[in-house]
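K.L.:
fold the following for me, if possible:
(one chain, ligands or ions: 2)
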Amino acid sequence: MGNCLVSPSSRVENAHITQHASYPSKGTSKTNLSSVPSTLRTYSTPSTLTMPSYTERTSNESLPTPRTEGEILSSSNLKAFTFNDLKNATRNFRLDSLLGEGGFGYVYKGWIDEQSLTASRPGAGMVVAVKKLKQEGFQGHKEWLTEVNYLGQLHHPNLVKLIGYCSEGDNRLLAYEFMSKGSLENHLFRRGAQPLPWATRIKVAIGAARGLSFLHDAESQVIYRDVKASNILLDSEFNAKLSDFGLAKAGPTGDRTHVSTQVMGTHGYAAPEYIATGRLSAKADVYSFGVVLLELLSGRRALDKTRVGIEQSLADWAKPYLGDKRKIYRIMDSRLEGRYPKKGAQGVATLALQCICREAKLRPRMSAVLAMLEQLHDPKNTAVVQPQTDRWKASSTIPRSPIKHHNSPRRLTTGRSSLPSYQRSPWVH
Ligand SMILES: Nc1ncnc2c1ncn2[C@@H]1O[C@H](COP(=O)(O)OP(=O)(O)OP(=O)(O)O)[C@@H](O)[C@H]1O
Ligand SMILES: [Mg+2]
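P.N.:
Ligands and ions are numbered 1, 2, ... in the order given. Below you'll find the model as predicted:
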């Protein structure tokens, strides 16, 4: 822990990363970095389009088997939609069906018949979110296929459900279950959003931690590689689900501690050792999750270019306050107006500090993070203590930085588990 406190965290700007502006519209917000965390993407074309396959079925399978695109698409239980199916389901991708925009493309709300999975009238049948790839070229297709590969096989209440896909000509689309409360990013940072109460923040953190633990502890480990507030989606009861598996990667096998790979991810969330070396382990996800915990505590973005100096990086700015219980109130989200249990906040801050430790080995495993969060969520630890002293009151009067609600157009709207805690969850579906 001492190490975690004294080491300055490295900045992504120093890393040997290519920032690529290949997404025309969201690409603008990603590369000008006004306040949006930018996605670090390096592009090089792998020689083959094969993907590791994952199964949760048996206990002895360890090495992922490379699969071809044809195998991935034909073996999944996903619906193969025609372009017309999804066009009709979203009423021709109408602007008023638009839910948001990401690096991959635009996301639309649509309706399909539950039985036949064909397009249905708006308001009738099942609501879906349809993501339409806007970027042409290999990288977009690769991420689309990676997502189909993983989400076609991995099923868990804290992973978003992929219903089907479309591959027709140059069109690449994905249809997911609709998450009515949108992304965590929307709730934490969108102008005018109701502040999330403390208990909901912990609930969301537990849901995301449960999804990550499931991936890390799967028979063949999966490293998610894109943990961030915008990829944590929320259903009507604020159950959190991880979405966007386009960057997911098979974890190391045998005695290996890491896999070497292109550096992909998002500024502000990516682990320093991964940025510096391209060596990826599940502990990189733990680091990013720690940054999300900081966002939940502080209501500040992982990276905010509108701030000055060290305050631009949430991890760098918050670190000195996290281990000192007399100082934690200084980083707490003023929108909570002091309505959070002091011990609970200290516990989350300590956990976040461990997760963002520079030394990857010293970071806890996600299963330990989950256990800790569950403990903090225990009713006897969640009683909200109304601020009584002046110092705690001060948390609601700390000037909140102008949030830096950036103007990204995407913000238009809002198996078998190997985890022992899975069945204990009070909010598993
Ligand atoms: N299944 C879904 N249900 C409801 N809304 C969704 C769903 N998937 C995505 N969205 C909405 O669409 C927005 C864009 O999502 P998308 O994953 O494309 O981009 P992002 O995560 O914001 O950015 P990036 O491409 O950098 O990961 C999300 O923030 C969310 O509001
Ligand atoms: Mg996303």
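K.L.:
what's F245 in contact with, if anything?
P.N.:
By C-beta atoms under 8 Å, 6 or more residues apart in numbering, the residues touching F245 are 146-147, 149-151, 224. Heads up, the C-betas are built off the backbone N, CA and C, glycines and all.
K.L.:
nearest to ligand 1: which residue in the stretch 1-150 of the chain?
P.N.:
G102 (1.8 Å; C-beta to the nearest ligand atom).
K.L.:
what is the burial count for that residue?
P.N.:
A count of nearby residues for G102, using other C-beta atoms under 10 Å, gives 21.
K.L.:
any idea how far it is from L296?
P.N.:
Using C-beta to C-beta, to the nearest Å, G102 is found at 21 Å from L296.
K.L.:
next one: A205
P.N.:
In terms of C-beta to C-beta, A205 sits 6 Å off from L296.
K.L.:
same question for G265.
P.N.:
Here G265 is placed at a distance of 19 Å from L296 (C-beta to C-beta).
K.L.:
does G268 really touch R300, like I thought?
P.N.:
No: counting by C-beta atoms under 8 Å, G268 stays clear of R300, with 10.3 Å between them.
K.L.:
list the residues that contact both of those two?
P.N.:
Contact criterion C-beta under 8 Å, 6+ apart; residues shared by G268 and R300: L314.
K.L.:
higher neighbour count, the two?
P.N.:
Using other C-beta under 10 Å as the criterion, G268 and R300 rank with G268 on top: 26 against 22.
K.L.:
for that one, grab phi and psi.
P.N.:
Dihedral pair for G268: phi 100, psi -30, per degrees, to the nearest 10.
K.L.:
so for A205 and L296, which sits in the more crowded spot?
P.N.:
Remark: of A205 and L296, A205 carries more neighbours, 27 against 24, as counted by other C-beta under 10 Å.
K.L.:
residue contacts, that one?
P.N.:
So A205 contacts 240, 292-293, 296, 348, 373 (C-beta under 8 Å, 6+ apart).
K.L.:
so who does the closest residue to ligand 2 within the chain touch?
P.N.:
Using C-beta to the ion, the single residue of the chain nearest to ligand 2 is D244, 3.8 Å away. Going by C-beta under 8 Å, 6+ apart, D244 touches 102, 104, 147, 226, 231.
K.L.:
count of neighbours near the second one?
P.N.:
A total of 22 residues lie near F104 under the criterion other C-beta under 10 Å.
K.L.:
surely it touches H141?
P.N.:
No: judged on C-beta under 8 Å, F104 makes no contact with H141 at a distance of 10.7 Å.
K.L.:
for those two, list the residues in contact with both.
P.N.:
L133.
K.L.:
what about R339, helix or strand, and which?
P.N.:
Secondary structure from DSSP states H and E places R339 outside every helix and strand.
K.L.:
what do you get for L99?
P.N.:
strand 98-101.
K.L.:
that strand vs ligand 2: in contact?
P.N.:
No: if you take C-beta under 5 Å from the ion as the test, strand 98-101 misses ligand 2, and the best it gets is 8.4 Å.
K.L.:
pLDDT on that strand, on average?
P.N.:
Averaged across strand 98-101, pLDDT comes to 94.
K.L.:
which elements pack onto it?
P.N.:
Counting contacts by 3 or more C-beta pairs under 8 Å, 6 or more residues apart in numbering; DSSP states H and E, strand 98-101 is packed against strand 105-112.
K.L.:
now what about the strand it packs on, what contacts it?
P.N.:
Residues from elsewhere that reach strand 105-112 (C-beta under 8 Å, 6+ apart): 85-86, 89-91, 93-94, 97-101, 118-135, 140, 163, 175, 178.
K.L.:
6 Å instead, please
P.N.:
The contact list for strand 105-112, computed with C-beta atoms under 6 Å, 6 or more residues apart in numbering, reads 89-90, 93, 97-100, 119-120, 122, 125-126, 128-134.
K.L.:
give me the PyMOL select line for those, limited to the buried ones.
P.N.:
In PyMOL syntax, the buried subset of these is picked out as below (16 or more other C-beta atoms under 10 Å):
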select buried, resi 89+90+93+97+98+99+100+119+120+125+126+128+129+130+131+132+133+134
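K.L.:
now, the contacts of strand 105-112 that are in strands?
P.N.:
98-100, 126, 128-133 (DSSP state E).
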